[in-house]
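>>> with the sequence up front, the predicted model follows.
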Amino acid sequence: MTPATHRGTHAVPVWARRRLRRALGTVAVYLILGIGSTLFLLPLYWQLSTSLKTATDAQRFPPVWFPWPLQWGNYPELLGRFPFLLYVRNSVTISSLVIIGTLLSSSLAAYGFARLRMPGRDVIFVVLLSTLMLPSAVLIIPQFILFQNLRWVNTYRPLIVPAFFGSPFNIFLLRQFFLTIPPDLEDAARIDGAGYLRTYAQIVLPMAKAALLAVAIYSFLGSWNDFFGPLIYLSDKDKYTVAVALRYLQGSVRTRPENHLLMAAATLSILPCVAIFLFAQRHFIQGTVVTGVKG
Amino acid sequence: MHATRPPTGGIVRSAKPLRLTLQRREAIACALFIGPAVLGFLVFSLFPLVTSAAVSLTNYRLAGWPDFVGLDNYRSLLQDPLFWQSVRVTAIYALAVVPLWLVNSLALAIVMNRNLPGMHVFRTVYYLPAMLSGVAVSMLWIWLLNYRYGMINTFLRLLSIQGPNWLGDKRWALGSIILMSQWSVGWYLPIWLGALQGIPTELYEAAAIDGGGWWAKLRSITLPMLSPVIFYNLVMNIIWATQLFTEVFMLTQGGPQFATLSYILYLYNNAFAYQKMGLASAMSWLLFLAVLVMTLAVFRSSPMWVYYEAERRRS
């Protein structure tokens, strides 16, 4: 009570003080976020600008903040010296198969868990979900031994085949989404004589496009950015993915002053992620919200 | 066979239709739909996990038939100073990084949770680094942390401070990794923002009428209402922090003088540099147990600080 009466007797009217405070608050918010995002973007600017410098300009103090002329030739030079496009092709092959496998298997399982009744179904679901808590590193060694005995090492199979057997995270995400779809349409289709598979493929999937896109993006990022898998499973250089090739570049040119080429390689490698992120960020920010809140 | 036939003779239950009941058909369809995922769980998670327990009791080296060695792998790990160093490094990293991640990302989300123009641009900027590959990010940070020409020491020099040899000095190496990990702090932003938007505005209006300032609102409304999400993020962050590998593998290879030898890096070295699969399996199992214990501890502590609105209403 006291502050209110105090405010009332003050010379400046209450509404003006309140408006001023809100304006100051807004300025502070923009200031904090602006400084923060400058700090967050600077590393990326440093990467891009280094990739467009000459070798000597890259190693200079004080640094060259705005390289001129831009050395676009660094990129052809990189592609000429290393078969980078081959690595891109390998990564694209793996990633696209992983996306297909994940979409198929996870949406099938999610539909089963969301709609079809079976005794023990929910127990199975909880068990599957509990593997989310299992650190992936725990499984690395035993999985490697398994794949080694299957003679799958130095092939893409260990990186692709598991995707065709569902991933708990995506099953969970899709199941939550399927549960939000009203079942009336499916019931109508069933009454008209459509089987379970047809109902799923022709009624449910078209309605779940947004969620499926989110899953596709997640599995692309997961597969494209995966390092540990390709590192332990691929030994032939011409089978390398982009991530492992980057590490190989980092190791092979370390002793020479070629940071501008390394940064060009790093820039090329993150380009698809940045492009997809900017293209579809709304969808997968949505996706994370679904899982984050319900988890 | 004949003896078990019912006394009525010929028409044994043939009245029952061959067609399956609807219920049973649905159950079969369900099994087929979830079948691949269950099979994947059995083959790629459960089976490896169980067999690795067996492997951890052998001296398996990827070639030849393994010998049973009992608990020798576990015993030699507990006596191995490098094993304890890797535990120490991972523990320090987790203790630094988990609170930093939680506090920074939540603070960022609270500042950002406003209906002001341009907020989605900020969201994009902070979220972007979390989307990028660990290897590319590591390459960039090797360059940023470069002693002579790196961006960070350049800035420090503008303030007339001679920056440390980040990755080459054992006192700074782990700190560099921790600093770098904060760049991906945006990973949890969408989760926080989603949760913040789920808090009913009436609560804040009521607090404003009662004369509560921002601190009171944060302490008595925002944090309790967010506590289930804080709980989820805490568990996930702890698990994530124990997985530290790519950054130390790329930036320091565990050096200098093992100052950044993370648990997973040591596991990797044992498995793939020395082919000690038995020992590495033992390390996997110890990590599994440690994560299990930590997760259970967080779960057990949760009634003390996690507030579930729905439960409260029921009681």
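Noted; the coordinates are in hand.
>>> what residue lies at the spatial centre of the chain?
I'll assume chain A. Most central in chain A under Cα atoms, centre = their mean is A:L221, positioned 3.7 Å from the mean C-alpha point.
>>> oops, I was thinking of chain B
B:W240 (2.7 Å).
>>> nearest to chain A within the stretch 51-200 of chain B, name that residue for me.
B:I191 (3.0 Å; Cβ to the nearest Cβ). Heads up, the C-betas are built off the backbone N, CA and C, glycines and all.
>>> and for residue 35, the neighbour number?
I went with chain A, as the question did not name one. 10 (other Cβ atoms under 10 Å in any protein chain shown).
>>> chain B, not that one
16.
>>> what's the answer for A:V29, then?
Neighbour number of A:V29 under other Cβ under 10 Å is 17.
>>> helix, strand, or coil at it?
For A:V29, the assignment made with DSSP: H, G, I helix; E, B strand; the rest coil gives helix.
>>> distance of it relative to B:V121?
A:V29 sits 13 Å away from B:V121, going by Cβ to Cβ, to the nearest Å.
>>> ok, B:V135 next?
27 Å.
>>> of the two, who's got more company?
Ranked by neighbour count (other Cβ under 10 Å), B:V135 and B:V121 place B:V135 first, with 29 against 11.
>>> quick check: the residue of chain A nearest chain B.
Nearest to chain B, among the residues of chain A, is A:F165, at 2.5 Å (Cβ to the nearest Cβ).
>>> how deep is that residue tucked in, by neighbour count?
Count around A:F165 with other Cβ under 10 Å applied: 22.
>>> one step back: touching, the residue nearest to the centre of chain A and B:L132? I think so.
No. Judged on Cβ atoms under 8 Å, A:L221 makes no contact with B:L132 at a distance of 9.0 Å.
>>> shared neighbours, these two?
Taking Cβ atoms under 8 Å, 6 or more residues apart in numbering or on different chains as the criterion, A:L221 and B:L132 both touch A:C273.
>>> how about the contacts made by the residue nearest to the centre of chain A?
A:273, A:276, B:131.
>>> how about a cut-off of 10 Å?
A:95, A:272-273, A:276-277, A:284, B:130-133 (Cβ atoms under 10 Å, 6 or more residues apart in numbering or on different chains).
>>> try B:T58
Here B:T58 is in contact with B:65-70, B:72-73, B:277-279, B:281-282 (criterion: Cβ under 10 Å, 6+ apart).
>>> out of the residues you listed, which are buried?
Neighbour counting with 16 or more other Cβ atoms under 10 Å in any protein chain shown marks B:66, B:69, B:72-73, B:277-279, B:281-282 as buried within the contacts of B:T58.
>>> who's in contact with residue 37?
Because you didn't say which chain, this covers chain A. When contacts are counted by Cβ under 10 Å, 6+ apart, A:S37 touches B:121-126, B:128.
>>> actually it's chain B I care about, not the one you picked
Going by Cβ under 10 Å, 6+ apart, the list of residues near B:A37 reads A:105-106, A:108-110, A:112-113, A:124-125, A:128, A:165-168, A:170-171.
>>> report the next helix or strand after the helix or strand hosting it in sequence order.
Following DSSP states H and E, one finds B:A37 within helix B:22-40. On the C-terminal side of helix B:22-40, the closest following helix or strand by DSSP H and E is helix B:47-55.
>>> near chain A at all, that next one?
Yes. Interface with chain A: helix B:47-55 contributes B:47-55 (Cβ under 10 Å from any Cβ of the partner chain).
>>> thinking again about what came up before, what's the pLDDT at the residue of chain A closest to chain B?
A:F165 is assigned a predicted lDDT (pLDDT) of 93.
>>> surely it is in contact with B:G35?
Yes. Using Cβ atoms under 10 Å, A:F165 makes contact with B:G35 at a distance of 9.5 Å.
>>> mutual contacts of those two, please.
In contact with both A:F165 and B:G35: A:105, A:109, using Cβ under 10 Å, 6+ apart.
>>> skipping adjacent residues, who's closest to the residue in the stretch 1-150 of chain B positioned nearest to chain A in space?
Residue nearest to chain A within the stretch 1-150 of chain B (Cβ to the nearest Cβ): B:G40, separated by 2.5 Å. Nearest residue to B:G40, sequence neighbours excluded (Cβ to Cβ, 6 or more residues apart in numbering or on different chains): A:F165, at 2.5 Å.
>>> tell me the contacts of the residue nearest to the centre of chain B?
Residues counted as contacts of B:W240 (Cβ under 10 Å, 6+ apart) are A:135, B:94, B:97-98, B:101, B:181, B:187, B:233.
>>> can you point me to the longest helix in chain B?
helix B:81-112 (DSSP state H).
>>> show me the shaky parts of the chain.
Because you didn't say which chain, this covers chain A. A:1-11, A:253-257, A:282-295 (pLDDT under 70).
>>> other chain: chain B
In chain B, residues with pLDDT under 70: B:1-19, B:309-315.
>>> show me the strands in it, by range?
Under the criterion DSSP state E, chain B carries no strands.
>>> for the closest residue to B:F47 other than its chain neighbours, helix, strand, or coil?
Leaving aside its sequence neighbours, B:F47 sits nearest to A:L146 (Cβ to Cβ, 6+ apart; 7.2 Å). Under three-state DSSP, A:L146 falls in the helix class.
>>> A:L146 - how many residues pack around it?
Neighbours of A:L146 (other Cβ under 10 Å): 18.
>>> surely it meets B:L46?
No. Checked against Cβ under 10 Å, the pair A:L146 and B:L46 is beyond contact range at 11.5 Å.
>>> overlap in contacts, these two.
Taking Cβ under 10 Å, 6+ apart as the contact rule, A:L146 and B:L46 both touch A:L139.
>>> give the contact list for A:L234.
By Cβ under 10 Å, 6+ apart, the residues touching A:L234 are A:90, A:94, A:153-156, A:158-159, A:240-241, A:244-245.
>>> contacts with chain B among these, please.
Checking these against chain B (Cβ under 10 Å from any Cβ), the matches are A:153, A:158, A:241, A:244-245.
>>> contact partners for the residue of chain A closest to chain B?
Counting by Cβ under 10 Å, 6+ apart, A:F165 has contacts A:101-102, A:105-106, A:109, B:35-45.
>>> let's go with 6 Å and repeat that
Contact partners of A:F165, counting by Cβ atoms under 6 Å, 6 or more residues apart in numbering or on different chains, are A:105, B:36, B:39-40.
>>> OK, contacts around B:P48?
A:139, A:142-143, A:146.
>>> neighbours around A:V14, how many?
As a burial measure, A:V14 scores 11 neighbours (other Cβ under 10 Å).
>>> just give the nearest non-adjacent residue to A:T102, would you?
A:S219 (4.2 Å).
>>> next structured bit after whichever helix or strand the one you found is part of?
Here A:S219, judged by DSSP H and E, is contained in helix A:209-225. Heading C-terminal from helix A:209-225, the first helix or strand you meet, by DSSP H and E, is helix A:228-233.
>>> what is that following helix packed up against?
Of the remaining helices and strands, none touches helix A:228-233 by 3 or more Cβ pairs under 6 Å, 6 or more residues apart in numbering or on different chains; DSSP states H and E.
>>> chain center to the longest helix of chain B, what's the gap?
Distance of helix B:81-112 from the chain centroid (Cα atoms, centre = their mean, to the nearest Å) equals 11 Å.
>>> now that helix: buried residues?
For helix B:81-112, by 16+ other Cβ under 10 Å, it's B:83, B:85-87, B:89-90, B:93-94, B:96-98, B:100-102, B:105-106, B:108-112.
>>> farthest-separated two in the contacts of A:L221?
Using Cβ to Cβ, the two most remote members of those are A:S95 and B:A130, lying 18.5 Å apart.
>>> higher neighbour count, those two?
The neighbour count for A:S95 versus B:A130, taken as other Cβ under 10 Å, is higher for A:S95 (24 against 18).
>>> include distance to A:P183 when you put the contacts of A:L221 into a markdown table, please.
Shown next, in a markdown table, are these (distance: Cβ to Cβ, whole Å):
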| residue | distance to A:P183 |
| --- | --- |
| A:S95 | 34 |
| A:P272 | 38 |
| A:C273 | 37 |
| A:I276 | 33 |
| A:F277 | 34 |
| A:F284 | 26 |
| B:A130 | 36 |
| B:M131 | 35 |
| B:L132 | 40 |
| B:S133 | 40 |
